[in-house]
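Novice: Sequence plus predicted model, see below.
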Amino acid sequence: MPATPTLVTPDFTFDPDTPGACIAGVRPYRNSSYRLDAETIAGKFVVHNYGHGGAGITLSWGCAAKVRDIVARHLTVANDKAVAVLGAGVMGMTAASQLTDLGLKVTIYSDRSPAETTSFKAGGQWAVSVVEFQGKEAELKGIIKTAFTTFEESIGKGFGVSRQPNYTATRSHNLEIVLQLVPGLIPPPVPLPRMPFEGHARAGFEYQTLLIEPPIFLSKLEADLRARGVTFVRKKFASRSDVLNSVAQKMIINCTGLGAMMLWSDTKMVPIKGQLAMLPAQPDLQYLYGQDGYLFPRADHVVIGGTFEVGVNDEIPNRSVCQDLVRHIKSQFGQAPIKPVPDIHIHHPDHAPIVNPPIPEV
Ligand SMILES: Cc1cc2nc3c(=O)[nH]c(=O)nc-3n(C[C@H](O)[C@H](O)[C@H](O)COP(=O)(O)OP(=O)(O)OC[C@H]3O[C@@H](n4cnc5c(N)ncnc54)[C@H](O)[C@@H]3O)c2cc1C
């Protein structure tokens with residue numbers, strides 16, 4: 001007998017030729033740690049906020065609050081009224097929102113509209129996944145707490161955020177980070193003698209997390225920012241000196257994601273390509289699934305993802321990879337033969353990608 005009632009099995013019907021069915025993005029991963037600090041160059045006060053790998057949506061509000069605090073401290077010695085934010089992804093727009101709260105005139109410069117960014121392509125699970133934080137455990141603790149609570153408070157307010165059960169066979173590294181750094185933020189995972197799906201005989205865990213639907217979240221953020229007087233300027237910067245010479249504002253917030261690799265000559269940045277298969281929406285699916293790949297039910301699609309191509313910096317989806325991805329998750333639900341080694345490179349949630357530091361007590 002299953003320990004919990006059997007939940008609805010996803011419908012895995014997938015046509016990779018449907019427009020928008022296969023998408024690819026590149027995670028802005030940074031070796032050793034994401035970057036969140038300030039420097040003064042050529043008379044400009046520059047705050048960096050990039051390199052959040054596979055957790056940019058997750059950490060966004062927490063990092064934006066840190067950016068606000070850094071700028072607020074700077075304003076005690078400077079008399080600036082305007083700030084330039086570079087980047088219209090989740091990092092740029094959440095930072096812009098916090099800086100508008102300080103009463104600053106905010107201009108966002110970006111070579112892409114919000115809907116064209118990597119952030120818009122993200123799956124949307126709240127998970128501290130594929131991001132490094134060596135030596136920054138205390139800072140990350142605050143970021144995680146602020147980010148989670150800000151998202152939680154926005155449930156039901158049009159930001160595309162919902163609380164969801166997540167089923168997983170093992171307690172993953174990204175879950176342990178949250179449990180160890182911020183005990184009590186989310187309830188402890190509940191062990192299940194058998195996962196509550198047809199065809200799924202393995203034991204597992206259920207835990208509560210948030211789902212943030214990037215198309216809804218980013219569209220709402222953009223609309224709110226415009227309503228509050230934030231200006232969006234389409235501009236591509238060629239280099240760091242181009243930024244410093246062409247941006248009039250004396251305060252600059254660098255939220256260029258992977259773009260920082262070239263603009264700031266940041267050799268710690270590593271592109272990690274991820275592909276997603278977008279199945280038709282299935283309103284009856286009310287849970288996330290994540291083990292060797294993941295499945296999220298969103299309002300627009302059921303998203304299947306988890307591929308992981310280190311060093312690959314292109315956004316070209318591959319239909320056969322997306323088909324393999326669907327087949328792989330389908331096999332986890334007993335709907336297709338299990339292959340001991342999947343045809344595609346899936347990120348295994350038990351370990352972080354390149355470096356896997358132990359999580360120290362804070
Ligand atoms: C397939 C996939 C699934 C993901 N799933 C999740 C998930 O479930 N949960 C989660 O938390 N995260 C997820 N992520 C990670 C998340 O998408 C990123 O961490 C996040 O989007 C980074 O945000 P960002 O604002 O730093 O970068 P971006 O969204 O890439 O924004 C960067 C901005 O800078 C601008 N820019 C860059 N260079 C220049 C330049 N030279 N001149 C002018 N403008 C420039 C760009 O146009 C853009 O506006 C996923 C990523 C991928 C690829």
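Specialist: The structure has been received and is ready for your questions. Numbering: from 1, shown residues only.
Novice: Ends of stretch 292-300, what's the gap?
Specialist: Stretch 292-300 stretches 23 Å from its first residue to its last (Cα to Cα, to the nearest Å).
Novice: go on, stretch 229-236?
Specialist: End residues of stretch 229-236 are separated by 22 Å (Cα to Cα).
Novice: go on, stretch 287-294?
Specialist: Start-to-end span of stretch 287-294 (Cα to Cα) is 11 Å.
Novice: Could you list the contact residues of the stretch 151-300 of the chain toward the ligand?
Specialist: Residues of the stretch 151-300 of the chain found near the ligand (Cβ under 6 Å from any ligand atom) are 235-237, 255-259, 263, 274, 276. (C-beta placed from N, C-alpha, C; glycine too.)
Novice: Is there a quick ChimeraX command that grabs whichever of the residues you listed are buried?
Specialist: Typed into ChimeraX, the line below selects the buried ones among these, using 16 or more other Cβ atoms under 10 Å:
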select :237,255,256,257,258,259,263,274,276
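Novice: Need the residues of the stretch 151-300 of the chain next to the ligand in TSV (columns: distance to residue 35).
Specialist: Listed next are these as TSV, based on distance: Cβ to Cβ, whole Å:
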residue	distance to residue 35
235	22
236	21
237	17
255	10
256	11
257	11
258	12
259	13
263	12
274	21
276	26
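Novice: Longest helix in this protein, please.
Specialist: Identified as the longest helix of the chain according to DSSP state H is helix 56-75.
Novice: Show the subsequent helix or strand relative to it.
Specialist: Later in the chain than helix 56-75, the nearest helix or strand by DSSP states H and E is strand 82-86.
Novice: For that next one, name the packing helices and strands.
Specialist: Here strand 82-86 touches helix 90-101, strand 105-110, strand 251-254, going by 3 or more Cβ pairs under 8 Å, 6 or more residues apart in numbering; DSSP states H and E.
Novice: where do the helices sit along this structure?
Specialist: So, for the chain - with DSSP H - the helices run 56-75, 90-101, 118-121, 137-153, 173-181, 214-227, 240-246, 260-263, 319-332.
Novice: Most tightly packed of those?
Specialist: Most buried of those, by mean neighbour count (mean count of other Cβ atoms under 10 Å): helix 90-101, with a mean of 26.
Novice: Quick one: residues in contact with that helix.
Specialist: Residues from elsewhere that reach helix 90-101 (Cβ atoms under 8 Å, 6 or more residues apart in numbering): 49-50, 52, 56-57, 60-61, 63-65, 67-68, 71, 83, 85-86, 106, 108, 110, 114, 117, 119, 122, 214, 217-218, 221-222, 224-225, 228-230, 253, 255-257.
Novice: can you rerun that using 6 Å?
Specialist: 49, 56-57, 60-61, 64, 67-68, 83, 85, 106, 108, 119, 221, 225, 228, 230, 253, 255 (Cβ atoms under 6 Å, 6 or more residues apart in numbering).
Novice: ditto for stretch 293-305
Specialist: Against stretch 293-305 from outside (Cβ under 6 Å, 6+ apart): 123, 125, 213, 276-279, 281-282, 285, 288-289, 306, 325-326, 328-329, 346.
Novice: Of these, which qualify as buried by neighbour count?
Specialist: Looking at the contacts of stretch 293-305 with 16+ other Cβ under 10 Å, the buried ones turn out to be 123, 125, 213, 276-279, 285, 288-289, 306, 325-326, 328-329, 346.
Novice: Just those: which are in strands?
Specialist: Among the buried ones among the contacts of stretch 293-305, DSSP state E puts 276-279, 288-289 in strands.
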